[in-house]
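Chemist: turn this into a structure:
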Amino acid sequence: MLLPVAPGSPPVAYPLPITRLHVDPTFLANTVRHYVEHPEHRPAIRTESELDRLRSALA
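Modeler: Numbering: from 1, shown residues only. Next comes the predicted model:
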């Protein structure tokens, strides 16, 4: 998987075992990208309301 280290930087390889996470790889990549681009949302991670907001934002 290639992920940018920071917005606008070139992607770098990051070995993430997505086959064992039981999560859609596209949703996971979009979620990581979202939190890189919107760090103000990070404090709400692990709350039900943030999960609902994230699912709506990425739909």
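
Chemist: and the helices in the chain, which stretches?
Modeler: 25-37, 48-58 (DSSP state H).

Chemist: chain center to the shortest one: distance?
Modeler: Just to be clear, that refers to helix 48-58. Centre-to-centre, helix 48-58 and its host chain are 12 Å apart (CA atoms, centre = their mean, to the nearest Å).

Chemist: please pull out the lowest mean pLDDT helix or strand from this protein.
Modeler: Within the chain, no helix or strand scores below strand 2-4, which has a mean of 60 by mean pLDDT, DSSP states H and E.

Chemist: what are the buried residues along stretch 52-59?
Modeler: Using 16 or more other CB atoms under 10 Å as the test for burial, stretch 52-59 gives residue 54. Bear in mind the C-beta positions are built from the backbone N, C-alpha and C, glycine included.

Chemist: tell me the gap between that stretch and the middle of its chain.
Modeler: Taking CA atoms, centre = their mean, one finds the center of stretch 52-59 at 12 Å from the center of the full chain.

Chemist: contacting residues for residue 27?
Modeler: Going by CB atoms under 8 Å, 6 or more residues apart in numbering, residue 27 touches residue 58.

Chemist: correction: residue 56
Modeler: Contacts for residue 56 (CB under 8 Å, 6+ apart) come out as none.

Chemist: nearest to residue 11, of the helices of the chain?
Modeler: Of all the helices of the chain, it is helix 25-37 that lies closest to residue 11, at 10.5 Å by CB to CB.

Chemist: give me the mean pLDDT for that closest one.
Modeler: What helix 25-37 shows for mean pLDDT is 89.

Chemist: then stretch 40-48?
Modeler: 92.

Chemist: dump the C-alpha coordinates for that stretch into CSV.
Modeler: Output in CSV follows, covering the C-alpha atoms of stretch 40-48 (Å, rounded to 0.1, in the frame of the first residue of the first chain):
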residue,chain,number,x,y,z
GLU,A,40,-8.9,18.6,13.7
HIS,A,41,-11.1,15.5,13.5
ARG,A,42,-8.6,13.2,15.1
PRO,A,43,-9.6,13.8,18.8
ALA,A,44,-13.0,12.4,18.0
ILE,A,45,-11.6,9.0,16.8
ARG,A,46,-13.2,6.1,18.6
THR,A,47,-16.5,7.8,19.2
GLU,A,48,-19.8,6.7,17.7
